[in-house]
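*Asks:* No sequence on hand, only this structure:
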């Protein structure tokens, strides 16, 4: 219990919110019809479930598979329909580009095209070296009608494009022919509605892509690649156009709450930034299989000193789901259990511990599914239910019932003492 | 598990969705406080509940009684507020009239009126014979302001009227004085808002009704009826105006899913048509008490060969609810159990089986009620809960929790592998 600045005594608690990416799963025959979470040895998670309250969370809505971006927006109490606007803006934030309301952003690939504009490789031989140098020549380009183009490299052959100007629209088609369509021509970018904004945006993208091909064709890096027998990165493909909407930071929504995030993944870092959270980064904290629970636990413990809410994100479980590796997912969950134990042992006993996921990634599906995710909230003030374990089936009988990700966050915020009364 | 056309392996399952119309009920003293479903011997349904996951479904929202049309729209994942627009369009589809977005449709009765325009019988002596002949003279009539009227007979004394033209509105009053109001005058059709569209539509209906009375008065069938001492069908009454909105077919919403429906009832056939489903019909498949489970099972098994989702609708249970015949409802549910058994025994074991209802029709109410309906999903991939029977009370403790009809459909679609990811 903390004292408010006004001198009024009020129950305020800190909380750690642990997001186990893709945690939810379906029964697996080899695990005796249990899920990886149900089969894993998780003494800490089970203790939290036993002493706390559990439930099933539909990150967005029942049966709707969420992306990591949408799942985390919901987990932080945002309505994705208000905020979300295509992957482009999220990726742009992740790539470190500043974006402002009204900007239209695109996911891009460096690609290899032939003389006729046919795509030979959508990833330019998965180019990595020289990408930053190439990107620097594609940044800050003025286009017609007072539109400027900002460009930044992302991971490997990926990049982002942000168009800034008056009255732009995300309703334009992709130039990227998509998934496995090598051999198809780059698609002309076309307006997807009849507005002037869509027409002007489509023209601006088209103009930018033409300039980009000229710049890339002449660049020494590509000449060297051709001489070395490598595919040149001689074109940009665009997809996932989205417009940036204003996102009210958490501190403005919930009584000045101070929030930080621990994640090695660009998408979650971008969502955290949009929500006004401090992003903690460390070279040893990644979004890959090399999950380091000790590092994440230390970071969370440290950040809780000056923050009210700390989000800790674990990506590896989702990767195991995508790869269909249920044994690996089970082992990773057991490592998460140890991380939670380390966090719990080193924080103020009044701190709430909330654990859930952004979506399910069942090993049988190898993709995100619409199955609800198990959720727990532990700590003083919580109305404990009678469930003894943290698992998908146990959670379906829990005291939280079946709620959305947004509801779950609001419940946590309320237990923390940061909720705003509706009415008088 | 099926292969996708792109060659990508993905978990896709087929499903049969069984809609037991009006299934939900309330405790009946004579059944020892059980519902007809709970009292019925349903070994197959109980087995599915035991191995699958159950829950309570509010077709639209808790406490809101749904019509068969709205209940089935929700059961197929539509938001009735987006699609539904009065009963007129649904009945028009059911009567086989083509309708297009912008059309305004009305439910009609053939009626008997006296010389002063007072309604002597709202159903013209429940006329059946000659109705098609009379209707043919009321079809394809041009009205003022470029509006054309299309008319078709429905069941017995019922018919439908569709107005087609520029800028029509469903916001007009009924000419039908309603339920038990024999002796009241035909009501003037009036605009219900101040728009030009409503004013023009009301005038068009009024003009049509005048023409219809002239045509009907002169028709030999009515002259014969009067001579035979029968009530003439000398007027049309209109009610339930609705405008037709575009309805995105299921295949466009869910990755090209192929769907078919088995139903003997015009309303459900119309909803299925709106959803882009193939309607299977057979003279032995009716919407009456003469439920033929063998025919429906054969049809479902056959249709599952070329479809991903087959809806099987049983109407008789609803009729028993309306008639307050709990013993008959219980017997019918036992026949449905046998139909489900026949289906299950003859389809691929990976096929999901989902069973629910469009609404409750409690025998004590003899009308649709807002009670939630019991629901089950059975098949591989399902997170089984601990409930052992399929009944209203058991379902209230199930792993699905309490969800809406739309949620239930989205969960089924997700288990089938046809859901679209929201976000990235």
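*Replies:* In hand now; what should we look at? All of these numbers come straight from a predicted model, not from anything done at the bench. Numbers count the residues shown, from 1 in each chain, chains lettered A, B, ... in the order given.
*Asks:* measure the residue lying farthest from the centre of chain A to residue A:131 for me?
*Replies:* The outermost residue of chain A relative to its centre, with distances by Cα atoms, centre = their mean, is residue A:227 at 38.9 Å. Distance, residue A:227 to residue A:131, using Cβ to Cβ, to the nearest Å: 18 Å. Glycine gets a C-beta too; all of them are placed from N, C-alpha and C.
*Asks:* cool, and residue A:171?
*Replies:* 29 Å.
*Asks:* ok, now residue A:398?
*Replies:* Residue A:398 sits 47 Å away from residue A:131 when distances are taken as Cβ to Cβ.
*Asks:* try residue A:237
*Replies:* Applying Cβ to Cβ to residue A:237 and residue A:131 gives a distance of 14 Å.
*Asks:* Comparing the two, which residue is more hemmed in?
*Replies:* residue A:237 (25 against 20; other Cβ atoms under 10 Å in any protein chain shown).
*Asks:* any idea of the pLDDT on the residue lying closest to the more buried one once chain neighbours are set aside?
*Replies:* Distances taken as Cβ to Cβ, 6 or more residues apart in numbering or on different chains place residue A:176 nearest to residue A:237, at 3.8 Å, with adjacent residues excluded. At residue A:176, the model reports a pLDDT of 93.
*Asks:* Spell out which helix or strand contains residue A:176, please.
*Replies:* Secondary structure assignment for residue A:176, by DSSP states H and E: no helix or strand.
*Asks:* Would you quantify the distance from it to chain B?
*Replies:* Residue A:176 is 14 Å from chain B, where distance means Cβ to the nearest Cβ, to the nearest Å.
*Asks:* Show me which residues of the stretch 1-150 of chain A are close to chain B?
*Replies:* A:26-27, A:33, A:35, A:56, A:60-71, A:73, A:80, A:84, A:87, A:90 (Cβ under 8 Å from any Cβ of the partner chain).
*Asks:* ah, wrong one, I meant the stretch 251-400 of chain A
*Replies:* Neighbours of chain B within the stretch 251-400 of chain A, by Cβ under 8 Å from any Cβ: A:267, A:362, A:364-371, A:392-393, A:396-397.
*Asks:* Please report which of those has the highest neighbour count.
*Replies:* residue A:368 (31 neighbours).
*Asks:* residues contacting it?
*Replies:* Contacts here follow Cβ atoms under 8 Å, 6 or more residues apart in numbering or on different chains; on that basis residue A:368 touches A:22, A:65, A:66, A:67, A:359, A:360, A:361, B:421.
*Asks:* so residue A:316 sits right up against residue A:291, yeah?
*Replies:* Yes: with contacts counted by Cβ atoms under 8 Å, residue A:316 reaches residue A:291, the gap being 4.2 Å.
*Asks:* and for these two, which residues touch both?
*Replies:* residue A:332.
*Asks:* Which one's more surrounded, those two?
*Replies:* Neighbours per residue (other Cβ under 10 Å) separate residue A:316 from residue A:291, with residue A:316 holding more: 26 against 20.
*Asks:* Please report how far that one lies from chain B.
*Replies:* 19 Å.
*Asks:* Give me the residues contacting stretch A:204-222.
*Replies:* Stretch A:204-222 has contacts (Cβ under 8 Å, 6+ apart) with A:106, A:110, A:113, A:130, A:133-134, A:137-138, A:141, A:143-145, A:147, A:149, A:161, A:163, A:165, A:168, A:172, A:175, A:186, A:188-189, A:232-236, A:238.
*Asks:* Identify those among those that sit within strands.
*Replies:* A:106, A:110, A:113, A:141, A:143, A:147, A:149, A:161, A:163, A:235, A:236, A:238 (DSSP state E).
*Asks:* I'd like to know how many residues surround the spatially closest residue to the third one that is not a sequence neighbour.
*Replies:* Counting by Cβ to Cβ, 6+ apart, the nearest residue to residue A:113 once its immediate chain neighbours are dropped is residue A:235, at 4.4 Å. The local packing count at residue A:235 equals 23, with neighbours defined by other Cβ under 10 Å.
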